[in-house]
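Trainee: The following comprises the amino acid sequence and a computationally predicted model.
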Amino acid sequence: MKTLLLIALIFGAVPALARDTYPPVDVLLQTDSSVIGEPLEYPDGTPQITMAIVTMQPGQETGVHRHDAPLAAYVLEGEITVDYGDKGTKTYTKGDAFVEAFQSPHTGANTGDGIARILAVFAGSDNVANTVADD
């Protein structure tokens, strides 16, 4: 009887151990739209993920541009302010996660005292530019 109880306890604990072995996941962002309310749309073509770290010096600006593919961003350090025109401006600091405006022109600037570093993940395709300068 003790043996059966021991076997039951061991087998009962195995699923609990399996569930607890995967490391914790902290979701930074989950959304179906950009920061200015644009619904996400993936470009046609063969899917292509691009990851990049954008580093901006204090006072540096991006110039007017747009993204033709959804861009998820995470601020690693510093502060950036993005001007979305008639949609307003938003300031992002270390630890902020957002889906940047796309297909809508905007300008970013490092408005902090030090460098700004942003992890950018584009969900694009092989036939669409991730970022396009609007002259």
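Mentor: The structure has been received and is ready for your questions.
Trainee: Give the burial count for N130, as a bare number.
Mentor: N130 has 19 neighbouring residues, counting by other CB atoms under 10 Å. For every residue, glycine as well, the C-beta is placed using N, CA and C.
Trainee: Torsion angles phi and psi at the closest residue to it other than its chain neighbours?
Mentor: Ranked by CB to CB, 6 or more residues apart in numbering and with sequence neighbours excluded, the top spatial neighbour of N130 is F122, at 4.3 Å. Phi and psi for F122, reported as degrees, to the nearest 10, are phi -90, psi 130.
Trainee: Local confidence estimate at F122?
Mentor: F122 carries a pLDDT value of 96.
Trainee: can you check the one 10 residues further on too?
Mentor: Among the per-residue scores, V132 holds a pLDDT of 92.
Trainee: do you know how far it is from G63?
Mentor: 11 Å (CB to CB, to the nearest Å).
Trainee: can you check T89 too?
Mentor: Using CB to CB, we find T89 at a distance of 16 Å from G63.
Trainee: cool, I80 as well?
Mentor: I80 is 14 Å from G63, by CB to CB.
Trainee: same deal with P70?
Mentor: In this view, P70 and G63 are 21 Å apart by CB to CB.
Trainee: count of neighbours near the closest residue to L71 other than its chain neighbours?
Mentor: Using CB to CB, 6+ apart and skipping residues adjacent in sequence, the residue nearest L71 is E100, 4.4 Å away. E100: 25 surrounding residues under other CB under 10 Å.
Trainee: In this structure E100 contacts V35, no?
Mentor: Yes - shown here, E100 and V35 form a contact pair, counting by CB atoms under 8 Å, at 6.5 Å.
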